[in-house]
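>>> give the three-dimensional model of this entry:
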Amino acid sequence: MTRVAVVGAGVFGAATARELHRRGHEVTLHEQYTPGTVRSGSGGDTRLVRTAHGENEWYARLSRRAVELWRELERETSTDLLAFTGVAWLDTVGSTFAEASMATLDRIGVPYERLTVDEAARLFPALGGDDLTGVLFEPEAGLIRARRATRALASAVPLEIGNVTPQAPPKADVVVWACGAWLPKAFPELVAIEVVRRDVYFFGVDGAWARTPGFCEYDGPFYGHGELGGLGMKVAWDGGSVAFDPDGERLPEEETLARVRAYVARRFPTLADAPLIGSRVCQYELTGDGHFLVDRHPDRDGWWLLGGASGHGFKHGPALAEYVADCIEGVRDPEPFHRLGPRVGSAGLRTAGR
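Numbers count the residues shown, from 1 in each chain. Presented below is the predicted three-dimensional model:
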């Protein structure tokens, strides 16, 4: 049995702690706030779950495995986590994401539908599609209740609340630094992760929007989902790269709200006057290419760096944890694209192409 300390109770840290605990290690989870805090990238109400990742098969397979493990967590904790009404990828002229994704989904045997704009109109109470060329619909996809899922993962292991730093680390044989947006603060000369803000908005809609799928406009770039549990309809602009301090204030920007309102009015015309009923400022932790960071610390024996969710990490949590645990136990090495070092841009991983 190995003593393991996991620093950070977001989805990457909590899932890794749970997986190592399941394998018989003595695990303690350390968190400066609380699991599922709204300050973390895992602290939102919902996250999209989808298999389509363009031409990338590694993440497509990881997502499929993660759904199996999320279902398992639901059973083990008697917690309702997944809400699958599908995910619709809305294609515009020049987009290649859907075609690349369909080729990957065919290779790994994942069902999908390729819809015309007229056919896709059945998915939404209203759809403005004059500029759309088609829709890729994933029926075996949808939403996960993110905060609830993070807390369910964290409940499996002992938790210590407090600020842990590399200068005052926990005592353990293995320390996994899974600090999310705080990872580049903890290791500023080692971890090349850019923390950027994302403003998310919720609009008041009627019950017809509760049955709609999640949606992504890869080249928009926008994403969101219909009504779920009284939250309203979630819509976010997935562009921009404004640097963000996760310890600072979280005030939505009027410019982004105006951009989102204009999109809602154009894409879902009957919601042009839908009232704004909520907002949240989140963050992404972006690596240079969208691939996660999973690697040993080069100078500290037994230390691991885990992060860079890059706006598409949450859904992968428990499956990524299996991979990370294998790396820690020496069963396998981290993939080259997950290691420390220079990164070159990659498309098809996030819900947006830019």
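>>> just the helices in the stretch 101-250 of the chain please.
117-120, 146-154, 183-186 (DSSP state H, counting those that start in this stretch).
>>> same deal with the stretch 251-354 of the chain?
Using DSSP H, counting those that start in this stretch, helices in the stretch 251-354 of the chain cover 254-267, 317-328.
>>> and for the residue nearest to Tyr218 when sequence neighbours are not counted, the neighbour number?
Nearest residue to Tyr218, sequence neighbours excluded (C-beta to C-beta, 6 or more residues apart in numbering): Phe97, at 4.4 Å. From N, CA and C alone the C-beta is placed, and that goes for glycine too. Phe97 has 23 neighbours, counted by other C-beta atoms under 10 Å.
>>> so Phe97 sits against Ala103, correct?
No. With contact defined as C-beta atoms under 8 Å, Phe97 does not reach Ala103; the gap is 11.2 Å.
>>> for Asp299, give its distance to Ala126.
If you measure Asp299 against Ala126 using C-beta to C-beta, to the nearest Å, the figure is 56 Å.
>>> same drill for those two, tell me which one is more crowded.
Using other C-beta under 10 Å, the more surrounded residue of Asp299 and Ala126 is Ala126, with 14 against 7.
>>> so the more buried one is in contact with Ala265, correct?
No. Contact between Ala126 and Ala265 fails when scored by C-beta under 8 Å: they sit 10.6 Å apart.
>>> identify the contacts common to the two.
Residues within reach of Ala126 and of Ala265 at once, by C-beta atoms under 8 Å, 6 or more residues apart in numbering, are Leu271.
>>> what residues of stretch 125-140 count as buried?
When burial is assessed from 16 or more other C-beta atoms under 10 Å, stretch 125-140 yields the following buried residues: 125, 127-129, 132, 134-138.
>>> and stretch 312-332, by the same measure?
312-325, 327-328.
>>> with stretch 109-117 instead?
Neighbour counts using 16+ other C-beta under 10 Å place 110, 112, 115, 117 of stretch 109-117 among the buried residues.
>>> isn't Arg339 right up against His297?
No. Contact criterion C-beta under 8 Å: Arg339 and His297 do not qualify, at 11.7 Å.
>>> distance check, the closest residue to Gly134 other than its chain neighbours against Thr116.
Excluding its sequence neighbours, the residue lying closest to Gly134 (C-beta to C-beta, 6+ apart) is Asp91, at 4.8 Å. For Asp91, the distance to Thr116 equals 11 Å [C-beta to C-beta].
>>> please apply the same query to Gly8.
45 Å.
>>> for Phe222, give me its contacts.
For Phe222, the contacting residues are 215-216, 235-238, 260, 263, 267, 352, by C-beta under 8 Å, 6+ apart.
>>> give me the subset of those residues lying in strands.
Of the positions in the contacts of Phe222, 215-216, 235-237 sit in strands, assigned by DSSP state E.
>>> can you tell me which residues contact Arg148?
Taking C-beta under 8 Å, 6+ apart, one finds 36, 79-81 in contact with Arg148.
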